[in-house]
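In: Return atomic coordinates for the entry below.
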Amino acid sequence: MPISFTCPHCGNQTSVADQYAGQTGPCTECGKPITVPGNPFAAAPAVRSSGSGTGIIVVVVVVGVLVFVGLILMGLLFPAIQAAREAARRAACLNNMKQLSLAMTSYHSTHGCYPPAYLTDADGQPMHSWRVLILPHLGESTLYQMYDFDEPWDSLKNQAVTAQIPKVYQCPSDSGDDPAATNYMMIVGSATISDGPNSCQHQQMRDGLSGTIMLVEVAGTGTHWAEPRDLDADRISFAINDGSRTGIGSNHRGGACVAMCDGSVQFFDDSIDPQVMEALSTISGGENVGVPRY
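Out: Next comes the predicted model:
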């Protein structure tokens, strides 16, 4: 296509073939040298695509960004997920204690008293636990009938019967290192719900059913669920999750589950005054303390 242009010296207008674009020569009118301008319609040089290489780079970048965002979201959500799971386990633990408290109350309705912490042998030694005595009230009548009360709790025959722990006796937050260990105990003493071989009745609880501890949660004691062993009121720490000695505690953060004699259950914060916990463990101490509410 011809290129039209004007001489900058004399103003003469002319046109030349586009093959002369960019070349210099004399003006046909004044003879002075002029340069033919480039072809304005010439195609721009094509930019070569890097092809699949660019595509791969884009994919890698996108994947990297997604992975990074995913890691951030996981970091933000993981604590919330863990907290939700622990809340569910704590709720299940409270439900276990609720079932146990109902079974204890059912036992009282049947026998006119709560079960003693343990039954003794002829020499007065602990032989059978309250956890075995209330089995029929937990829907475990078959297990109860298989248990032999004429033999010690840890005889070969009874060991075969009690090898599997009823789920209600174990907190869901327990590590499971000892599959037959229980997480629920009585506080045993002369002023508590049971002194060991002897039990008490509702009318003996002058501190009131709602103001007297029935059962508490424990952790790490390694006590077999059928073993006639509980917390000795004269030896334990009444500080929840004390850690320095055996006492009330749990695998939950910040406290432990407690059941009262009126059948109510709740999570006691480990900041509660140990003297309050000790007062709540007695059936007729006359202490003027209220049950903490959280």
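
In: Can I take it that residue 259 is in a helix?
Out: No - assigned with DSSP: H, G, I helix; E, B strand; the rest coil, residue 259 falls outside any helix and is strand.

In: what bridges to it?
Out: Beta bridges link residue 259 to residue 215, residue 265 when assigned by DSSP bridges.

In: for it, what are its contacts?
Out: 97, 98, 100, 101, 213, 214, 215, 216, 265 (C-beta atoms under 8 Å, 6 or more residues apart in numbering). For the C-beta atoms, the positions are set from N, CA and C on the backbone; glycine is no exception.

In: The strand or helix carrying the first one - what's its average pLDDT?
Out: So the one you mean is residue 97. Assessed by DSSP states H and E, residue 97 sits inside helix 52-111. Mean per-residue pLDDT for helix 52-111: 81.

In: since we're on residue 197, how many residues are nearby?
Out: Residue crowding around residue 197 was assessed by other C-beta atoms under 10 Å; the count is 16.

In: tell me the contacts of the residue positioned nearest the centre of the chain?
Out: Nearest to the geometric centre of the chain sits residue 86, at 2.2 Å (C-alpha atoms, centre = their mean). Contacts for residue 86 (C-beta under 8 Å, 6+ apart) come out as 173, 252, 253.

In: Tell me which stretches of this protein form strands.
Out: 3-6, 13-16, 24-26, 33-35, 118-120, 126-129, 184-185, 187-188, 213-217, 231-232, 255-260, 265-269 (DSSP state E).

In: quick revisit: so can I have JSON lines of the contacts of residue 86 showing pLDDT?
Out: Listed next are these as JSON lines, based on pLDDT from 0 to 100:
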{"residue": "173", "pLDDT": "92"}
{"residue": "252", "pLDDT": "94"}
{"residue": "253", "pLDDT": "91"}
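
In: ranges for the helices of the stretch 151-294 of the chain?
Out: 156-161, 274-281 (DSSP state H, counting those that start in this stretch).
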